[in-house]
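Engineer: here is the input, now give the coordinates:
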Amino acid sequence: MRKRTRLSAIGLVLVLLWGEWENWRASRRLVGSATGGSEAVVVLGYRNAGTRANIMNRWRVRAGLRSIDPHAVSTRLVLCGGACAGPHTEAALMARYATATRGYRGEVVLEDQSRTTWENIGFALPHLKDIDRIKIVSLPLHAAKGRRYLAQQCPELASRLVRGAEYRFGEWIAAKPLMAVHGRWQDARDRHGDRPAR
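Structural biologist: You can find the predicted model right below:
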């Protein structure tokens, strides 16, 4: 019995470490070392049915805010997401949380028309053309997908992609293996053309 318990514990630890590894790798995918004084932090929204930012959108905003470079000459916070699941746009709910709750006082741009990740990126592009460094923030595998979509839609901006601060060791640790499996499954579907990019 003890041996089985030990093996189960080792298996659980290995699964959790694999989840950390996959998310860590995703956070470094398709990023470079662009330089320059201006930056945009693009926060991808998540379906929000209520009148307040849900737990996922609140976390994404916090990850976006911690991604801001305090030494940047200027930072543009681009919040993405239309009214996909409720009466209010994800962008507006995240903006209220960023400013009223988290005290952010910098430039905020709302991209409030999109309904998919593909559209998040497409509608955000006009706000990125004049920016030196671009950070796309979400869960690590979702942010990596956003970077891939940006490279597909506007290759000339891909060289401006740099890392955000969405990955932290131990954060969401129990969910990271599931995130990794889901992210890999979606990537495989996108890459093999089983559905249009979304």
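Engineer: could you use CA atoms for every contact and neighbour count after this?
Structural biologist: Will do.
Engineer: so who does residue 81 touch?
Structural biologist: By Cα atoms under 8 Å, 6 or more residues apart in numbering, the residues touching residue 81 are 44-46, 89-91, 111-116, 120.
Engineer: need the residue closest to the centroid of the protein.
Structural biologist: Most central in the chain under Cα atoms, centre = their mean is residue 138, positioned 1.6 Å from the mean C-alpha point.
Engineer: show me the shaky parts of this structure.
Structural biologist: Counting by pLDDT under 70, the ranges of the chain that qualify are 1, 193-198.
Engineer: mind giving me the packing neighbours of the lengthiest helix in the chain?
Structural biologist: Determined from DSSP state H, the single longest helix within the chain is helix 2-27. Contacting helix 2-27 under the criterion 3 or more Cα pairs under 8 Å, 6 or more residues apart in numbering; DSSP states H and E are the following elements: helix 140-153, helix 176-191.
Engineer: which residues are in contact with the shortest one?
Structural biologist: Okay, so that is helix 140-153. When contacts are defined by Cα under 8 Å, 6+ apart, helix 140-153 is touched by residues 23-24, 26-27, 29-30, 44, 117-118, 121-122, 136-137, 157-158, 161, 166-167, 179-180, 183, 187.
Engineer: ditto for stretch 58-69
Structural biologist: Contacts of stretch 58-69 (Cα under 8 Å, 6+ apart): 41-45, 75, 77, 94, 97-98, 104, 135, 137-139, 164-166.
Engineer: and if you look at stretch 107-116?
Structural biologist: Contacts for stretch 107-116 (Cα under 8 Å, 6+ apart): 75-84, 89-92, 95, 120, 123-124, 127, 198.
Engineer: now, those residues that are in strands?
Structural biologist: Members of the contacts of stretch 107-116 lying in strands (criterion: DSSP state E): 75-80.
Engineer: including neighbour count and distance to residue 19, could those residues go into JSON lines?
Structural biologist: JSON lines is the format used below for the ones in strands among the contacts of stretch 107-116 (neighbours: other Cα atoms under 10 Å; distance: Cα to Cα, whole Å):
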{"residue": "75", "neighbour count": "21", "distance to residue 19": "31"}
{"residue": "76", "neighbour count": "19", "distance to residue 19": "31"}
{"residue": "77", "neighbour count": "24", "distance to residue 19": "28"}
{"residue": "78", "neighbour count": "23", "distance to residue 19": "28"}
{"residue": "79", "neighbour count": "29", "distance to residue 19": "27"}
{"residue": "80", "neighbour count": "30", "distance to residue 19": "26"}
